[in-house]
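Novice: here's a sequence, model it:
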Amino acid sequence: PISLTHGLVAGLVGAGIATSGSKIIVWGVLGKVLSAVGIAPLLGLSGGFLVMVAIMWLFRKAAPEKMRGLFSNLQILSAAFLAYSHGKNDGQMPIGLIAMALMVYHGYGEFYIPFWAVVVSAASISFGTLIGGWRVIETLGLKVTTLRPVHGFAAEASAATVIEVASHFGIPVSTTHCITTAIMGVGATRRLSAVRWGIARNIVLTWILTFPACAILGWIIASILKLAF
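Specialist: Numbering: from 1, shown residues only. Below you'll find the model as predicted:
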């Protein structure tokens, strides 16, 4: 699992530098975005841990069978909440890029978002979710830690809340980062060894490499297109 936010911002930075130089990058805004990309996973981790601890305390006398039934239903709501939050944040980024490209190409005097851009972006992200990246689902659902419905609910609810707050302030963050670290957080409430830290380390290393890889690729593709056209 990698970050759409991380990759898209990096690719945009690389392409911008290739076409117009580093002066085109608004470094102050980029710094805020990168800070949020770093802080959001920590909030997901701590949020997942704290929500799970609160649930364990509130339902400490409940029978396991009743817990399983209750949170099996609640997890449907938390999954829907996470999907909604994902669309409000990650889903807006391709719309913004389309609007930016149209503004530059047509010379619009203001930032205009055509309705078809919203429809195309929403349909595309929905279709991608529908066909599924099953290996990503397997990694998050089975390999990071053992999840039961209550753990899934706690992770989804905490990750979605972090994303909602970021969306309210117009800050792009990674749904992938938030939910992955939230899963680590809920797993750690059992014991630290319940989280497969080797897999978690590989995921984090991939996140770190995503930004330079996408920035370089964006620079290469933009440079080729600049020479060609």
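Novice: now what about the worst-scoring helix or strand of the chain on mean pLDDT, what contacts it?
Specialist: The helix or strand of the chain with the poorest confidence is helix 134-138; it has a mean of 76 (mean pLDDT, DSSP states H and E). Residues from elsewhere that reach helix 134-138 (C-beta atoms under 8 Å, 6 or more residues apart in numbering): P1. Backbone N, C-alpha and C define where each C-beta goes, glycine included.
Novice: report the distance from the next helix-or-strand element following that helix to the chain centre.
Specialist: Note on helix 134-138: by DSSP states H and E, the next helix or strand toward the C-terminus is helix 149-168. Its chain's C-alpha centre and that of helix 149-168 lie 11 Å apart, by C-alpha atoms, centre = their mean, to the nearest Å.
Novice: how about helix 149-168: buried residues?
Specialist: When burial is assessed from 16 or more other C-beta atoms under 10 Å, helix 149-168 yields the following buried residues: 149-163, 166-167.
Novice: try stretch 119-134
Specialist: Quick answer for stretch 119-134 (16+ other C-beta under 10 Å): 121, 125.
Novice: the strands in this protein, which residues?
Specialist: For the chain, applying DSSP state E gives no strands.
Novice: report the contact partners of the closest residue to M103 other than its chain neighbours.
Specialist: Excluding its sequence neighbours, the residue lying closest to M103 (C-beta to C-beta, 6 or more residues apart in numbering) is F111, at 6.1 Å. Neighbouring residues of F111 by C-beta under 8 Å, 6+ apart: 99-100, 103.
Novice: pick the one among the residues you listed closest to V119.
Specialist: Proximity of the contacts of F111 to V119 (C-beta to C-beta) peaks at A99, which lies at 13.4 Å.
Novice: list the contacts for the closest one?
Specialist: By C-beta under 8 Å, 6+ apart, the residues touching A99 are 111-114, 117.
Novice: name the member of those with the most neighbours.
Specialist: Comparing the contacts of A99 by number of neighbours (other C-beta atoms under 10 Å), A117 comes first, having 18 neighbours.
Novice: wait, that one touches M100, no?
Specialist: No - using C-beta atoms under 8 Å, A117 is not in contact with M100, being 10.5 Å away.
Novice: and the residue in the chain sticking out farthest from the centre, backbone torsions?
Specialist: What lies farthest from the middle of the chain is K61; by C-alpha atoms, centre = their mean that is 35.0 Å. Per-residue torsions, K61: phi -100, psi 0 (degrees, to the nearest 10).
Novice: quick one: it from G107, how far?
Specialist: Using C-beta to C-beta, to the nearest Å, K61 is found at 66 Å from G107.
Novice: please apply the same query to I131.
Specialist: 37 Å.
Novice: same deal with P94?
Specialist: 22 Å.
Novice: of those two, which one has the most company?
Specialist: Counting neighbours by other C-beta under 10 Å for P94 and for G107 shows that P94 has the greater number, 18 against 7.
Novice: and for that one, nearest residue in space, chain neighbours not counted?
Specialist: Among residues not flanking P94 along the chain, S121 sits closest, at 4.6 Å (C-beta to C-beta, 6+ apart).
Novice: P172 too?
Specialist: Computed as C-beta to C-beta, 6+ apart, the closest residue to P172 that is not its neighbour in sequence is T5, at 4.9 Å.
Novice: hmm, the one you found is touching G38, no?
Specialist: No - T5 is beyond contact range of G38, at 11.6 Å (criterion: C-beta under 8 Å).
Novice: those two: which is more packed in?
Specialist: Shown here are T5 and G38; by other C-beta under 10 Å, T5 has more neighbours (24 against 12).
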